[in-house]
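> Here you go, sequence then predicted model.
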Amino acid sequence: MTNAALTDIHLIDDAACRRFLSSVELVGKRWSSAILLAIARGATRFSEITAVVPGLSDRLLAQRLKELEATGLLAREVIASTPVQVRYSLTEAGADLLESLQPLAAWGHRWGTPT
């Protein structure tokens, strides 16, 4: 990174810093990113998400789905059928978030991350 790019980082005001921290905390919550990725890859129902995210408990999945919906990253659709079906999808904001995480994923691939 050039010194000019580092200088631009110092131009971030307090409000932008708080929004950044809030975003990082949301994405950094255990399982949140994995859930978003699972939905982006086609898992739309609760059981499908648990099937592709090993180790995720039903209780924690339900909690994270509510949080992600409340923050506007997921849309929840209830389908009136017997039994009732609930499907989840990424909102525009959720898709944009995943797109913005691609450089971070590339950085992790290039430099490795501690385990």
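All right, it came through fine.
> Just the terminal-to-terminal distance for stretch 43-60.
17 Å (C-alpha to C-alpha, to the nearest Å).
> Other residues contacting it?
30-31, 34-35, 38-39, 41-42, 61-62, 65, 85-89 (C-beta atoms under 8 Å, 6 or more residues apart in numbering). Quick note: C-beta positions are derived from backbone N, CA and C, even for glycine.
> can we see that at 10 Å?
For stretch 43-60, the external contacting residues (C-beta atoms under 10 Å, 6 or more residues apart in numbering) are 29-31, 34-35, 37-39, 41-42, 61-65, 77, 79, 85-90.
> Buried residues, the helix ranked longest in the chain. List them.
Ordering each helix of the chain by length in residues (DSSP state H) puts helix 92-111 first. For helix 92-111, a neighbour-count test (16 or more other C-beta atoms under 10 Å) marks G94, L97, L98 as buried.
> Remind me what that helix packs against, helices and strands.
With contacts defined as 3 or more C-beta pairs under 10 Å, 6 or more residues apart in numbering; DSSP states H and E, helix 92-111 has these neighbours: helix 14-28, helix 32-40, helix 58-70, strand 74-79, strand 85-90.
> Can I get the second one in CSV, CA atoms only?
Looking back up the chat, that one is helix 32-40. Extracted in CSV, the C-alpha atoms of helix 32-40 (Å, rounded to 0.1, in the frame of the first residue of the first chain):
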residue,chain,number,x,y,z
SER,A,32,-22.8,-15.0,10.1
SER,A,33,-20.5,-15.1,7.1
ALA,A,34,-21.0,-18.8,6.7
ILE,A,35,-24.8,-18.4,6.7
LEU,A,36,-24.6,-15.6,4.1
LEU,A,37,-22.3,-17.7,1.9
ALA,A,38,-24.6,-20.7,2.2
ILE,A,39,-27.6,-18.7,1.1
ALA,A,40,-25.6,-17.1,-1.7
